[in-house]
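1. predicted model and sequence below, questions to follow.
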Amino acid sequence: MAWTQEAKPQDLRCEPRIVARQSAKAFPEGPPPDAALLQWVDVPPLDDWSQRWPGYDGAAWYRIDWESPCGRDQPVALAIVNMVMAGEVFVNSELIWRDQSLVEPLSRSWNMPRYWLLPRALLKEQGNSIWVRIHGISSQTPGLGRLRIGNPAELEPWTAQATWSLRTIYVVCITVSMVLCLLFAFAWLHHRHQKLYGWYALNLLCWALLLCFIVMTEPWPFASTQAFARWNLLIFIAFAYTFCIFALRFAELSLKKLERMLTGLCSLCAVFALTVPEAQMALSQAIWLLMFCLCALVCLLFPLRALQTRTPAHIIFSLCFVLYLAIGVHDLLLLTKALDHNLTLIPYTTLMSMLVIAWLLGRQIVKNMRHIERFNHELSLTVAQACDDLSQTLEREHHLALSHSRLQERLRISQDLHDGLGGSLVRSIALVEQSSAPLPNAQVLSMLKLMRDDLRQMIDAGASAAIQVPETPTQWLAPLRHRFARLFEELDIGVKWIMPPHWDHAPSPIQCLALTRVLEEALTNVVKHSHAHNVLVEMSLERSCELLLRISDDGIGFDVHTVQTHSMGVGMRSMLARLERLHGSLQLQSRPGLTTLTAIMALGIAPAASAQ
């Protein structure tokens, strides 16, 4: 660093100076020939040989003669920003670098700045020359771009700046474009009705591919430079089409005819790009210009639409579109070498788009948060109203449940009165009717006490479900057997009782009470209606989980179908209701001489049924 500071005045005096720039047609290979054998022409710093040699495809020499006042003692650097398409560089007839592919498909050095520190051994005291052989085709604006020879301390940062402008910023834009593309593509996949997201994602994809074509230095996967150019043009057509459709949709314009015209025009241009002969590829520049004009027209029309809608998003995008147009014109002039610098601005449009999209997304998020807050407020009001309505409904349901429970209790009391006290009354009436002489007071008092006991049992059964279950079926049957024994004896009815010796699975108190009422009602019906001479009462336990109570008599019988469908009495309905509440069932079979009533009850589920 000290040597550089001391030599700075000498550096200014020893700065290399270009004295001539000349070009001539060249053979595709070999070292630089004798300069006197070629037909040289002077060229400007930015040269396009297609303007000088129309239709010429091949190689051309560019000879840059330069002088260094300080001779070989001064360090010299060489920087070349553009070589269209591929090139090789010689210093005084000595090769220092060449592109990987100098034949079709050609390498692409048109957007790749390069820097060399020239070896001191290759330099002369006077009369130094830089020979650059360019390989290109006429349709791709072939020639040599910006070239500088000078102090390394000056050219190295200049090359780094050119690399940033021509390559690094493009890589950054490709990354940003792909991230935005994926973001909006996933948004469209989750909301297919938001077709605007899909068009914008497709436009970003085309833009990223265009930028990839700019930074590519190798021809792969294309077989020729012309094939590379065809696909580059196709991607630009797709970009222009998706940009126009996105702008129209974003502007909320429903112009179906215009969209169909755009589709047809872009389709024709794509067919032309695919089918045009290689000799006519220069005509593709008209397609580039046409697509650029379409995008420019949309950029100019969008501000007019923004003035109509006056929405913030449209106004912001209209300003961006106008800026895009100005940047596009600038870079188009730069591409045609109408401007003499290397600062391309088109990549910065991607970064600007990212900022605008971030603003729009942030604005949308804020709007959504406001909508959510408003929705939450409305939801809280609705929930409060619903709670009030629900409380009123529950109160009505509570009153209905109370009414229903009262009705159920009345029904239960009526059934208990009918099955319990009613049976006792029937037995007493039957004894009085069958007696040939007035009954003694003691017997009448006994019947009244029996009815009193039945009433007390009914009250106790309704007050508590925790009644003690008899230890055996025989003990359970004993009270009923005692009540009906004298009555059957007076009526000359023979009774046979068959009971298991013990419970395999004891029933619940509620089940015991239900079986008692069923048996009472069945025996009462035998007394009242059957005119039977023999009765069989049998209990059995099936598989230890099902209890069967069967009452059979040899009376006159009845029509089971008629009783079940039309004329079922209060007692029969009471038996059926009691069994159904406990998940049991009642079976009837009757014919003259044999009537069988079978009550079936599943053991072990009575508590739940009783709670219901």
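-> Sure thing, it's come through.
2. walk me through the domains of this protein.
-> 2-150, 163-370, 404-611 (automatic domain parsing).
3. from the chain's centroid, how far away is the second one?
-> Domain 163-370 sits 28 Å away from the centroid of its parent chain (CA atoms, centre = their mean, to the nearest Å).
4. which one of the domains of the chain has the lowest average pLDDT?
-> Lowest mean pLDDT within these: domain 404-611, at a mean of 76.
5. tell me where the stretch 451-600 of the chain has helices.
-> Taking DSSP state H, counting those that start in this stretch to define them, one finds helices in the stretch 451-600 of the chain at 473-490, 509-525, 560-565, 570-581.
6. highest mean neighbour count out of those helices?
-> Comparing the helices of the stretch 451-600 of the chain by mean neighbour count (mean count of other CB atoms under 10 Å), helix 509-525 ranks first with a mean of 23. C-beta coordinates here come from the backbone N, C-alpha and C atoms, glycine included.
7. could I get it in PDB with only the CA atoms?
-> Taking Å, rounded to 0.1, in the frame of the first residue of the first chain, the C-alpha atoms of helix 509-525 are listed here in PDB:
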ATOM      1  CA  PRO A 509     -85.800 -53.900  43.600                       C
ATOM      2  CA  ILE A 510     -87.600 -52.100  40.700                       C
ATOM      3  CA  GLN A 511     -87.600 -55.300  38.700                       C
ATOM      4  CA  CYS A 512     -89.000 -57.200  41.700                       C
ATOM      5  CA  LEU A 513     -91.800 -54.700  42.000                       C
ATOM      6  CA  ALA A 514     -92.500 -54.800  38.300                       C
ATOM      7  CA  LEU A 515     -92.700 -58.600  38.400                       C
ATOM      8  CA  THR A 516     -95.000 -58.400  41.400                       C
ATOM      9  CA  ARG A 517     -97.400 -56.100  39.600                       C
ATOM     10  CA  VAL A 518     -97.300 -58.200  36.400                       C
ATOM     11  CA  LEU A 519     -98.100 -61.400  38.400                       C
ATOM     12  CA  GLU A 520    -100.900 -59.600  40.400                       C
ATOM     13  CA  GLU A 521    -102.500 -58.300  37.200                       C
ATOM     14  CA  ALA A 522    -102.200 -61.600  35.400                       C
ATOM     15  CA  LEU A 523    -103.900 -63.500  38.300                       C
ATOM     16  CA  THR A 524    -106.500 -60.800  38.700                       C
ATOM     17  CA  ASN A 525    -107.400 -61.200  35.000                       C
END
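8. tell me what that helix is packed against?
-> helix 422-434, helix 473-490, strand 534-542, strand 546-553, helix 570-581, strand 594-602, helix 606-611 (3 or more CB pairs under 8 Å, 6 or more residues apart in numbering; DSSP states H and E).
9. what's the angle from that helix to helix 570-581?
-> Orientation of helix 509-525 against helix 570-581 (axes from the mean of the first three to the mean of the last three CA atoms, to 10 degrees) gives an angle of 160 degrees.
10. what angle sits between helix 509-525 and strand 546-553?
-> Using the same axes, to 10 degrees: helix 509-525 against strand 546-553 is 10 degrees.
11. how far does helix 509-525 sit from its chain's centre?
-> 64 Å.
12. and if you look at stretch 33-43?
-> Centroid separation between stretch 33-43 and its chain, computed with CA atoms, centre = their mean, is 68 Å.
13. who touches that stretch?
-> With CB atoms under 8 Å, 6 or more residues apart in numbering as the test, stretch 33-43 has contacts from 20-26, 52, 61-63, 143-144.
14. how many residues are close by residue 180?
-> Other residues lying near residue 180 total 22 when counted by other CB atoms under 10 Å.
15. likewise residue 386?
-> 12.
16. use 43 as the first number from now on
-> Yes, from this point I'll number from 43; that puts the last item at residue 428.
17. report the separation between it and residue 419.
-> Applying CB to CB, to the nearest Å, the value for residue 428 to residue 419 is 15 Å.
18. do the same with residue 371
-> 51 Å.
19. same question, residue 638
-> Going from residue 638 to residue 419 by CB to CB gives 71 Å.
20. appreciated, that's everything.
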